[in-house]
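> Pasting the sequence and the predicted coordinates here, then a few questions.
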Amino acid sequence: MNRWLPWLASLLAGGGAALLASRYMSTRIASAEAALAREYELRPVIVAARAIPAGETVQVDDLALRKVPVRFAPSDAQGAAAAGEIVGRATLHALAAGDPVLPSALQSSDLPPLASLVGEQRRAITLAVDEINGFAGLLSPGDIVDLVYVADTEAAQRDRPTARPLLEGVTVIATGRSTRRVRATDGNGVARDVDVDYASVALDVAPVDAQRLVLAQRTGEVTVLLRGADRGGAGALRVVDESELTGPRLPQRRFRGPTVSLIIGGSAAQPMQRVEVPPT
């Protein structure tokens with residue numbers, strides 16, 4: 001009997017070790033499964049059911065509910081309970097289908113309707129501005145601006161380009177940002193469509209001035225000039241043409257008989273001009 005005791009002890013030790021190893025592996029597997037479940041825990045998030053352009057009012061059909069892993073969902077993503085707060089608000093920038101509809105992508109619900117900001121017997125009109133023709137993204141409601149117009153017609157191209165005051169002392173009542181696709185050429189000379197940010201401003205103007213601004217945007221370029229904090233009327237705008245940059249053009253006279261060509265100018269301040277004069 002004594003000779004079987006070592007074998008019996010070995011079997012008991014092996015069985016105990018196997019049981020402990022099995023319990024250890026089961027605990028590790030359960031822990032890994034729990035960690036994986038926490039890492040990929042899903043939460044319902046309101047997303048765009050279709051592409052929504054910037055400035056468009058969100059409707060019920062524009063929204064969908066999708067389950068997104070918590071670790072990948074934005075911290076301010078909205079659940080189904082927030083649908084009532086989203087519907088009826090305008091988008092500040094374009095949303096692609098599947099994008100979470102975040103509060104930062106929507107116009108604040110605290111802002112008053114645009115119509116309430118328009119004065120009596122006045123009109124609101126929007127004007128697109130960028131870094132070239134205005135202060136893209138830098139204008140704020142309450143700013144006072146002047147508008148300058150440069151015609152882009154064939155007659156204006158033949159004559160001297162002229163900058164004319166269009167409207168002065170106009171109040172900005174709202175601003176917004178969006179994007180538009182334009183054709184641009186890259187460094188390799190290849191033309192392609194790119195997205196360019198621009199800002200739109202809503203101006204409070206008289207009805208006839210709104211018509212003038214619509215016509216100006218169709219026939220030329222409108223540039224925004226921001227007034228200072230004093231907003232005074234000093235320094236009124238006036239009509240300015242090309243002669244303000246290059247100086248007055250020399251009169252061109254025709255002479256009978258032989259003439260001599262004089263080359264005048266050629267500096268940065270005055271372009272080169274050829275003048276025909278009679279020989280002395």
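Sure, I can see it. What you are looking at is a predicted structure, and each value in this text was computed from that prediction instead of being measured. Numbers count the residues shown, from 1 in each chain.
> and the helix or strand where Ser22 lies, what's its mean pLDDT?
Ser22 is part of helix 5-39, with elements assigned from DSSP states H and E. Averaged over helix 5-39, pLDDT sits at 70.
> same for the helix or strand following that helix, what does it pack against?
Later in the chain than helix 5-39, the nearest helix or strand by DSSP H and E is strand 42-48. Judged by 3 or more Cβ pairs under 8 Å, 6 or more residues apart in numbering; DSSP states H and E, strand 42-48 is in contact with strand 63-69. All C-beta atoms are positioned from the backbone trio N, CA, C, and that covers glycine.
> Which positions in the strand it packs on come out as buried?
Leu63, Val68 (16 or more other Cβ atoms under 10 Å).
> what angle sits between that strand and strand 42-48?
Interaxial angle, strand 63-69 versus strand 42-48 (axes from the mean of the first three to the mean of the last three Cα atoms, to 10 degrees): 150 degrees.
> after strand 63-69, next one along is what?
Next in sequence after strand 63-69, counting helices and strands by DSSP H and E, comes helix 83-86.
> can I get the CA coordinates of that following helix in CSV?
Extracted C-alpha coordinates of helix 83-86, given in CSV (Å, rounded to 0.1, in the frame of the first residue of the first chain):
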residue,chain,number,x,y,z
ALA,A,83,-34.1,65.0,-31.7
GLY,A,84,-36.7,67.6,-30.7
GLU,A,85,-33.9,70.1,-30.0
ILE,A,86,-32.2,69.5,-33.4
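> What lies in contact with that helix?
Ile46, Val58, Val60, Leu63, Gln78, Val101, Leu106, Ser109 (Cβ atoms under 8 Å, 6 or more residues apart in numbering).
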